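> Quick one: sequence plus predicted model below, questions after.
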Amino acid sequence: MKDEKFDDIGFAKLDVSRENRTGTSEAIFCPGKTKEQLLKILETFAKNGCSVLGTKCTREQADFVQEMLNGTPGKSGATDAPAIRYDETSRILTMKVKRTAKRSANAKVARAGRSLKDSVAVCCAGTADLPIAEEAAQTAEFFGAKVERHFDVGIAGLHRLLSKMDEIRKADVVIAVAGMEGALAGVIAGLTKAPVIAVPTSVGYGSSFNGLSPLLTMLNTCAEGVSVVNIDNGYGAAVSAVRMLRIKK
């Protein structure tokens, strides 16, 4: 590990070589950080030539860093300013650094956004699950995967899911996002050869216990080939899917 590097900025130690070690750059968990801390983190990653992604980002945080990095000419260099994008639904913040940026961590070419030939199907049970489904979809796209979206295909209207199964079966990995009772992942796993990554969401009425009920359903499914991530962790599901695709190649 002697060649691995991090950038110590006092309140955070940023893993600027993670991309070359694991294939995906460090992600920023935005809750709990001030907008000034988030800005400093992004500036430091940009200095190191790292394209990064932030999850659970608020509009206030996003507006601040966009103004400071994109809205101030010369802040990061007129031609080298990173591209900051924010999606309201997924609360995903992305920063893409131009390939001409200096890479202080090492000389390897950045992998973030490198195209993968295989695809991920992101399925969600209901419209209320869209934020987590989009977190998964946009994370997978950020890391180069082709994504097909199949939304509002929950089991309460099973014919909706069955009408999309021919398309879902074409995917190399399936991410199934569901709240309430969380049965979607097990149903899909019984109808496709692809591995299924199940994402329980905190969507539901009282006895869903903020996602615990779908989590337990997914963990206890009798359908083979289902792996389960934590509640509302669309990001983690997407990274797992991308790593599966990279091994497959």
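That came through fine. Note that this is a predicted model, so its numbers are computed, not measured.
> what helices or strands is the longest helix that the chain contains leaning on?
Assignment by DSSP state H gives helix 234-248 as the longest helix of the chain. Secondary-structure packing of helix 234-248 (3 or more CB pairs under 8 Å, 6 or more residues apart in numbering; DSSP states H and E): strand 119-124, helix 130-142, strand 173-178, strand 196-200. In short, each C-beta sits where N, CA and C put it, glycine included.
> can you map out the strands along this structure?
7-8, 13-14, 27-29, 52-55, 83-87, 92-96, 119-124, 146-150, 173-178, 196-200, 226-228 (DSSP state E).
> any chance of the helices and strands packed on helix 234-248 in TSV, with mean pLDDT too?
Compiled in TSV, the helices and strands packed on helix 234-248 are given as follows (pLDDT from 0 to 100):
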stretch	mean pLDDT
strand 119-124	96
helix 130-142	97
strand 173-178	98
strand 196-200	98
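> can the ones you listed go into TSV with extra columns for mean neighbour count and distance to residue 89?
Shown next, in TSV, are the helices and strands packed on helix 234-248 (neighbours: other CB atoms under 10 Å; distance: least, CB to CB, whole Å):
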stretch	mean neighbour count	distance to residue 89
strand 119-124	27	12
helix 130-142	26	5
strand 173-178	30	13
strand 196-200	31	15
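> quick one, which of these is nearest to residue 211?
Distance to residue 211, taken as CB to CB, is lowest for strand 196-200 among the helices and strands packed on helix 234-248, at 4.9 Å.
> what bridges to the nearest residue to residue 164 once chain neighbours are set aside?
Distance criterion CB to CB, 6 or more residues apart in numbering; nearest residue to residue 164, sequence neighbours excluded, is residue 150 at 4.8 Å. Legend: beta-bridge partners of residue 150 under DSSP bridges are residue 123.
> Residue 150 against residue 167, yeah?
Yes. Between residue 150 and residue 167 there is a contact under CB atoms under 8 Å: 6.9 Å.
> Mutual contacts of these two, please.
Jointly contacting residue 150 and residue 167 under the rule CB atoms under 8 Å, 6 or more residues apart in numbering are residue 121.
> Which one's more surrounded, these two?
Neighbours were tallied for residue 150 and for residue 167 using other CB atoms under 10 Å; the higher tally belongs to residue 150 (21 against 11).
> Great, nothing more from me.
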